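**Q** Can you look at this prediction? I've put the sequence above it.
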Amino acid sequence: MKNVIALLLLMVPGLALADASVQYLIQMQDYVGVDYGQAVADGKVVNAAEYREMRDLAAGIAAQTAALNPSQIKPRMRAQAKHLARLIESRAPASAITAVTSSMRAAVVREYGVTTVPQNPPDFKLAHRLYAQSCAGCHGASGRGDGVIAAGLEPSPTNFRDAARYRQRTLYGLYNTISLGVDGTAMRAFEDLGEHERWSLAFYVGRLGATAAAVDQGEQGWHTGGRRSALADLETLTTTTPADARQQYGKNAAAVMAHLRAQPDDLFGRGASPLTFTRQQLRRSFSLYRDGDVGAAYQVAVTAYLEGFELVESGLDTVDGGLRVSIEDAITRYRNLLRQHAPVDVVRQQVESLYSLLDDAGKRLRATTVTGGAAFAAAVIILLREGLEALLIVAALMAFLVKTERRDGLPYLHAGWVVALALGVVTWMVSAYLINISGAGRELTEGIAALLAACVLFYLGFWMHDKTHARQWQQFIRGSVQKALGRSTLWGLAGLSFIAVYREVFETVLFYQALWAQTDATGHGMALAGMGAAGVTLAIVAWLILHYSVRLPLRQFFAATGVFMFVLAAILAGNGVAALQEAGKLPISVVPFPLIEILGIYPNLQSLLAQVALVVLALLLIWNSNLRRAARETIA
């Protein structure tokens, strides 16, 4: 172990701590917390070699802590490291040592943006195969430390079935050991394995110390209330020991943890990971900012929202809409502080307030399982919110073609939105199973599509309004409109139909996927019912538009539809700018203004200016059109 300490000290003097060095520090803290009880009992040294190692580790922890990057918590951590060394020298109880090392480990993880959760569910079949190939020779086929080559090893391989040791190990600690190895032992670093493989192995061996009775008891506890416990948070599961779970969350918590270690799909299947992902990325973002990499910190903050919190927005809206808005505002403020190069302490305060809000969101989601009426309401809101704009555009274009007696253009229009639906689903499948399409990529696509559609609708709106002043109206309809709607224009309408629908489909599927993960079997049925109800509502809206708009006299129809196109263009402009802001491509200057999402109105200067500019341009064009019309009438 002295070799490890010396190596670490050589790695970091005067330099920023690398991620691996932080992980080594956490590993040393873990080992002291777990193994100290084997060295000291009742104030007496029971294993002299183990006790010497504990003292060496304490010295290494103190040295590594001193080498940490400057931070607000560093003085406290250095004091804790000295306190830990004194406790070991005085042969304090194991419980006191564990309390200090647990506190230090949590502080390092939080301050230095350490990722402590897997991104995907563990694969136990894969882990079983890897364990048989690489671990069973030392640890034994059943994990008791009695493998065929164990007898000649010093120290002896870990017995994963040891209940006392099981109670003191975190899943992240096991992952760390698999990743880094243990110097001076046969436990090598498994650098040849990918992150998913190492996490799968950590879960595989991390479940071995639990009894079948505890797993069964935990399964019952999970289904009768455990879903609402703190252990329903993935990060809590991977960074909490069974002993700490029992102490902090009640006597049944250790059993629930045993169940979740054995059946982690129960947790991943509930979609608990988006909030955990958000917290992890925010920690990483702050760590990058503190180290001076502002650009990377900002991009990671964008990812934290788009690939984390955004996926649980709809579910949170059903239980606490105000909290959802507060979190969005807090994330925006955090990103603005990064752009403004604010002092580190100010940024720290903001990100810590965000952690608190995210914790509240997790508690609210756990306290109110998204089932029944909540799932129904969320499903309705998602489809109406994402689909209404697209429907209004397509319905208005349909009414235009019907009213101008160009029904031959309807197949083009329908082809546009049908292809958009199909391609949206295909895009989602490709992103889920073949390639990774980032949240920023989704928002960038949506933002560009929205602005493009806004430009087309603005042009159509002005064109239709301008033609309402034609002196020979019927002659204009028979001539100009028929010529204007040539084959190329019909393909243009098909393209507009495609853009209007495609920009919404991909994100809608992702939102439904997140909602599905947050509901149980009953909630799945209600979510499907909500989707159906929203679909029927949209169909009724489309029918009303077609039924009543075509009854208008043609001139009034063109005037009303032109205004409608202007309004839709303004809405899309606001939404497009907002999407580009979420993707991190445009700044966000918050102003005191109401949020009206259905109208694309957001309380920030950039989106409001885009909409105001569009309205002013429309008024100028209409004013100029009226002047030209008045001049023609005067000449006539």
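**A** Here it is on my side, so go on. Residues are numbered from 1 along each chain as shown.

**Q** if you average pLDDT over whichever strand or helix holds L457, what comes out?
**A** For L457, the element it lies in under DSSP states H and E is helix 439-467. Averaging pLDDT along helix 439-467 yields 72.

**Q** One more: stretch 376-385?
**A** For stretch 376-385, mean pLDDT is 80.

**Q** what separates that stretch from the chain centre, distance-wise?
**A** Centroid separation for stretch 376-385 versus its chain: 20 Å, with CA atoms, centre = their mean, to the nearest Å.

**Q** Equivalent analysis for stretch 403-413, please.
**A** Worked out by CA atoms, centre = their mean, stretch 403-413 lies 42 Å from the chain centre.

**Q** ok, which stretches of the stretch 501-636 of the chain are strands?
**A** In the stretch 501-636 of the chain, no strands are defined using DSSP state E, counting those that start in this stretch.

**Q** Against E235, how distant is V114?
**A** 11 Å (CB to CB, to the nearest Å). The C-beta positions use only the backbone N, C-alpha and C, and glycine is treated the same way.

**Q** just Q280 next, same as before
**A** 7 Å.

**Q** Could you name every residue contacting both of these two?
**A** Here Q280 and E235 share the contacting residues T116, V117, scored by CB atoms under 8 Å, 6 or more residues apart in numbering.

**Q** Can you give the domain ranges for this protein?
**A** Domain assignment of the chain by automatic domain parsing yields the ranges 2-111, 116-209, 211-264, 273-367, 372-635.

**Q** In TSV, list the ones you listed along with mean neighbour count.
**A** Shown next, in TSV, are these (neighbours: other CB atoms under 10 Å):
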stretch	mean neighbour count
domain 2-111	18
domain 116-209	18
domain 211-264	20
domain 273-367	19
domain 372-635	18
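
**Q** Which of these has the lowest mean pLDDT?
**A** Ranked by mean pLDDT, the domains of the chain bottom out at domain 372-635, with a mean of 75.

**Q** Could you export stretch 53-69 as PDB, CA atoms only?
**A** The C-alpha trace of stretch 53-69 is given here as PDB (Å, rounded to 0.1, in the frame of the first residue of the first chain):
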ATOM      1  CA  GLU A  53      -1.900  -0.600   6.400                       C
ATOM      2  CA  MET A  54      -4.600   1.500   8.000                       C
ATOM      3  CA  ARG A  55      -2.100   4.000   9.300                       C
ATOM      4  CA  ASP A  56      -0.400   4.100   5.800                       C
ATOM      5  CA  LEU A  57      -3.700   4.600   4.200                       C
ATOM      6  CA  ALA A  58      -4.600   7.400   6.600                       C
ATOM      7  CA  ALA A  59      -1.300   9.100   5.700                       C
ATOM      8  CA  GLY A  60      -2.100   8.700   2.000                       C
ATOM      9  CA  ILE A  61      -5.600  10.100   2.400                       C
ATOM     10  CA  ALA A  62      -4.100  13.200   4.100                       C
ATOM     11  CA  ALA A  63      -1.500  13.700   1.400                       C
ATOM     12  CA  GLN A  64      -4.100  13.200  -1.400                       C
ATOM     13  CA  THR A  65      -6.500  15.600   0.300                       C
ATOM     14  CA  ALA A  66      -3.800  18.300   0.500                       C
ATOM     15  CA  ALA A  67      -3.200  17.900  -3.200                       C
ATOM     16  CA  LEU A  68      -6.800  18.500  -4.100                       C
ATOM     17  CA  ASN A  69      -7.700  21.600  -6.200                       C
END
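
**Q** State the distance from L174 to T303.
**A** Counting by CB to CB - L174 and T303 are separated by 27 Å.

**Q** swap in E405?
**A** According to CB to CB, E405 and T303 sit 51 Å apart.

**Q** With P122 instead?
**A** P122 sits 23 Å away from T303, going by CB to CB.

**Q** Over to E50?
**A** Distance check for E50 against T303: by CB to CB, it reads 43 Å.

**Q** next one: phi and psi at P155?
**A** Backbone torsions for P155, taken as degrees, to the nearest 10, come to phi -70, psi 170.

**Q** That one reaches G145, doesn't it?
**A** No - under the criterion of CB atoms under 8 Å, P155 makes no contact with G145, lying 10.0 Å away.

**Q** so what's the residue most central in space within the chain up against?
**A** Centroid-nearest residue in the chain, with CA atoms, centre = their mean: G308, separated by 0.8 Å. Residues near G308 by CB under 8 Å, 6+ apart: P274, L275, F277, T278, Q281.

**Q** which other helices and strands contact the helix or strand where the first one lies?
**A** Read it as P274. According to DSSP H and E, P274 maps onto helix 273-290. Contacts defined by 3 or more CB pairs under 8 Å, 6 or more residues apart in numbering; DSSP states H and E place helix 273-290 against helix 94-111, helix 234-239, helix 294-306, helix 313-339, helix 344-367.

**Q** can you redo these as TSV with distance to A610?
**A** Putting the helices and strands packed on helix 273-290 into TSV (distance: least, CB to CB, whole Å) gives the following:
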stretch	distance to A610
helix 94-111	39
helix 234-239	39
helix 294-306	20
helix 313-339	17
helix 344-367	27
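
**Q** Tell me which of the ones you listed lies nearest to W543.
**A** helix 313-339 (26.6 Å; CB to CB).

**Q** relative to helix 294-306, how tilted is that closest one?
**A** 170 degrees (axes from the mean of the first three to the mean of the last three CA atoms, to 10 degrees).
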